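Participant: please find the sequence and the predicted model below.
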Amino acid sequence: MKKNTKIIIAYLKDYSIDDIYEHHISSFCSDSKPSKTILMHKYQYLLHTIITRCKMNDDGVCHLNAQFYRDRIFHDHWNDMLLNLSYMGIICIGCYEVGKYSTSITLMKWNIGYLTSYNVKFIKWAKVEAERRRVLEHVEASPFTKRYMESLTCLRLNRKDDALVYIDDTITDKLTHSYQYHRACIDDFNEDDIRIYNIDEQGRVYHYLTSLPRSLREFFNIKFELDISNSHPLLLNHYLIKYYNIPLDIIREATALYHYDVEKLMEHLKTNKLDVPCDVLEYIIKTQGGTFYDDFDGEFGDMERSEVKKRVFAQVFYSHITDRYVSKFCKAFVDKYPNVWKVIRGLKKVTDDKLPHTMMRAESMLFRLILNKCWDRGYKVVNLHDALVVFDVEANECVTAGELTAIIEQVYHRYGLFPSVKVEIGG
């Protein structure tokens, strides 16, 4: 190992390692005491790991694989160290289940500092973590992930200084998770370490851009983004069309003739004498046009539109609620769309209340088809769940938003879905 090898270690300014060690000894060591030097080094590295992982999560949470960290780094001290930090109010520990979930840790203190260390143990432990990550990435490699990575590695931070100035000017309280998180997104960006973090059971891909705050995207080489308006409410149309046996050619014809004019679309569909409740037709039309959430503007006082959107979406589509009166957000939806709610309740029973997972899998499937079509044309694009991100690179010089919108629509139309695609120009 080279003598000049070094590592940047994060620490909490308000807590000394000596105090943490003494609290550990008084809490867990009534008989014999472990080596002070070894335990203090482990606490330094554990805190560094928690800080660096939590600050890169938009909720300030990290998930540490207990078996790996216990076996390879912290050994018998692992559980006591986490409990000690929890007792001191530094972290909050969530639940975990062997073989299913990693330990969930929330960092509660955010007065963070950094120091340069040449400690050989820290450097060794960092290499152990890096090697584990490389092994996991190799095991999870597939033709899809390889093509995805070819595009993802095109990401560049073009305006770092501007981004840092923006963060310092926008977030006034520097001792908060929000400030540390935004700073970490910029300070820790490394174009040589861009990778897929995870692909969940629903096929959703997670990487650096997935958790990057929207306000910071303008500082990267993003040419434009294409978002599916009301993505998950729109996906429900697939089930509504099946349930009410609505001919796709009528939906397609009406959409082609009147695009997203709600009144004319409704009139056209009614003239075809469809035996379909009016609220179902209205729901289909409004989710196609991206105006679904407009129904609830002003419904809940001065609540921000973004918060109303989040609450309605969560209570109606993602919660376990089946009683319309449990939530005012759910009740507002049911009052507006009673026959749509009937289908949602039925789907929740059929899917064992896992309708959200079913919809996320459907969304992932659609976007895999979209991505492959784009990659086949040589374009460098990735997705953020329900959005397509186009990088400002030479391979994308000739691509237009219109062409990509057509690809999205072609894939969605195949499943009886007619989305409204919103284009946002990059920074």
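Facilitator: Nice, I can see it. Keep in mind that this is a model prediction, so the values were computed, not measured.
Participant: mind checking the SS state of the residue at minimal distance from the centre of the chain?
Facilitator: With distances taken as C-alpha atoms, centre = their mean, the residue of the chain nearest its centroid is Thr210 (5.0 Å). Here Thr210 is helix, with the state taken from DSSP: H, G, I helix; E, B strand; the rest coil.
Participant: quick check: it touching Leu384?
Facilitator: Yes. At 6.0 Å, Thr210 counts as touching Leu384 under the criterion of C-beta atoms under 8 Å. For the C-beta atoms, the positions are set from N, CA and C on the backbone; glycine is no exception.
Participant: re earlier: so what's the residue nearest to the centre of the chain up against?
Facilitator: By C-beta atoms under 8 Å, 6 or more residues apart in numbering, the residues touching Thr210 are Tyr197, Leu384, His385.
Participant: what's the closest of the residues you listed to Asn158?
Facilitator: Lowest distance from Asn158 to those (C-beta to C-beta) belongs to Leu384, with 18.5 Å.
Participant: give me the neighbour count for the closest one.
Facilitator: When neighbours are defined as other C-beta atoms under 10 Å, Leu384 has 20 of them.
Participant: now the phi/psi pair for it, please.
Facilitator: phi -120, psi 80 (degrees, to the nearest 10).
Participant: surely it and Leu209 touch.
Facilitator: Yes. Judged on C-beta under 8 Å, Leu384 makes contact with Leu209 at a distance of 6.0 Å.
Participant: helices or strands up against the helix or strand hosting Asp168?
Facilitator: Element membership for Asp168, per DSSP states H and E: helix 160-170. Applying 3 or more C-beta pairs under 8 Å, 6 or more residues apart in numbering; DSSP states H and E, one finds that helix 160-170 contacts helix 177-187.
Participant: before we move on, back to that, dump the helix holding Asp168 to PDB, restricted to CA.
Facilitator: C-alpha atoms of helix 160-170 as PDB (Å, rounded to 0.1, in the frame of the first residue of the first chain):
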ATOM      1  CA  LYS A 160     -20.400  22.900 -10.200                       C
ATOM      2  CA  ASP A 161     -19.500  26.400  -8.900                       C
ATOM      3  CA  ASP A 162     -22.900  27.800  -9.900                       C
ATOM      4  CA  ALA A 163     -24.600  24.800  -8.200                       C
ATOM      5  CA  LEU A 164     -22.700  25.400  -4.900                       C
ATOM      6  CA  VAL A 165     -23.600  29.200  -5.000                       C
ATOM      7  CA  TYR A 166     -27.200  28.300  -5.600                       C
ATOM      8  CA  ILE A 167     -27.300  25.900  -2.600                       C
ATOM      9  CA  ASP A 168     -25.700  28.400  -0.300                       C
ATOM     10  CA  ASP A 169     -28.100  31.200  -1.400                       C
ATOM     11  CA  THR A 170     -31.200  29.000  -1.200                       C
END
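Participant: tell me what angle that helix forms with helix 177-187.
Facilitator: On the basis of axes from the mean of the first three to the mean of the last three C-alpha atoms, to 10 degrees, helix 160-170 is oriented at 170 degrees to helix 177-187.
Participant: what comes up buried for helix 160-170?
Facilitator: By neighbour count on 16 or more other C-beta atoms under 10 Å, the buried set for helix 160-170 is Ala163, Tyr166, Ile167.
Participant: residues touching the nearest residue to the first one once chain neighbours are set aside, list them.
Facilitator: What it means is Ala163. Once flanking residues are discounted, Ala163 sits nearest to Phe219: 4.0 Å by C-beta to C-beta, 6 or more residues apart in numbering. Neighbouring residues of Phe219 by C-beta under 8 Å, 6+ apart: Leu157, Asn158, Arg159, Lys160, Asp162, Ala163, Tyr166, Ile186, Gly427.
Participant: is the first one in a bridge, and if so with what?
Facilitator: The one in question is Leu157. Beta-bridge pairing of Leu157 under DSSP bridges involves Phe220.
Participant: from Leu234, how far out is it?
Facilitator: 33 Å (C-beta to C-beta, to the nearest Å).
Participant: before we move on, what about the second one?
Facilitator: Applying C-beta to C-beta, the value for Asn158 to Leu234 is 33 Å.
Participant: for the protein, which segments count as strands?
Facilitator: Listed in chain order, the strands of the chain (DSSP state E) span residues 7-12, 61-64, 91-93, 103-107, 112-117, 196-199, 205-207, 222-228, 381-383, 387-391, 421-425.
Participant: need those in TSV with mean pLDDT and distance to Ala332, can you?
Facilitator: Below are the strands of the chain laid out as TSV (pLDDT from 0 to 100; distance: least, C-beta to C-beta, whole Å):
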stretch	mean pLDDT	distance to Ala332
strand 7-12	93	44
strand 61-64	86	31
strand 91-93	90	34
strand 103-107	85	32
strand 112-117	92	42
strand 196-199	81	35
strand 205-207	88	32
strand 222-228	94	23
strand 381-383	95	31
strand 387-391	96	27
strand 421-425	89	24
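Participant: can you put those strands in JSON lines and add distance to Ser215 and mean neighbour count?
Facilitator: Formatted as JSON lines, the strands of the chain follow (distance: least, C-beta to C-beta, whole Å; neighbours: other C-beta atoms under 10 Å):
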{"stretch": "strand 7-12", "distance to Ser215": "24", "mean neighbour count": "18"}
{"stretch": "strand 61-64", "distance to Ser215": "21", "mean neighbour count": "18"}
{"stretch": "strand 91-93", "distance to Ser215": "27", "mean neighbour count": "17"}
{"stretch": "strand 103-107", "distance to Ser215": "22", "mean neighbour count": "20"}
{"stretch": "strand 112-117", "distance to Ser215": "21", "mean neighbour count": "14"}
{"stretch": "strand 196-199", "distance to Ser215": "21", "mean neighbour count": "15"}
{"stretch": "strand 205-207", "distance to Ser215": "18", "mean neighbour count": "19"}
{"stretch": "strand 222-228", "distance to Ser215": "13", "mean neighbour count": "20"}
{"stretch": "strand 381-383", "distance to Ser215": "19", "mean neighbour count": "26"}
{"stretch": "strand 387-391", "distance to Ser215": "15", "mean neighbour count": "23"}
{"stretch": "strand 421-425", "distance to Ser215": "12", "mean neighbour count": "14"}
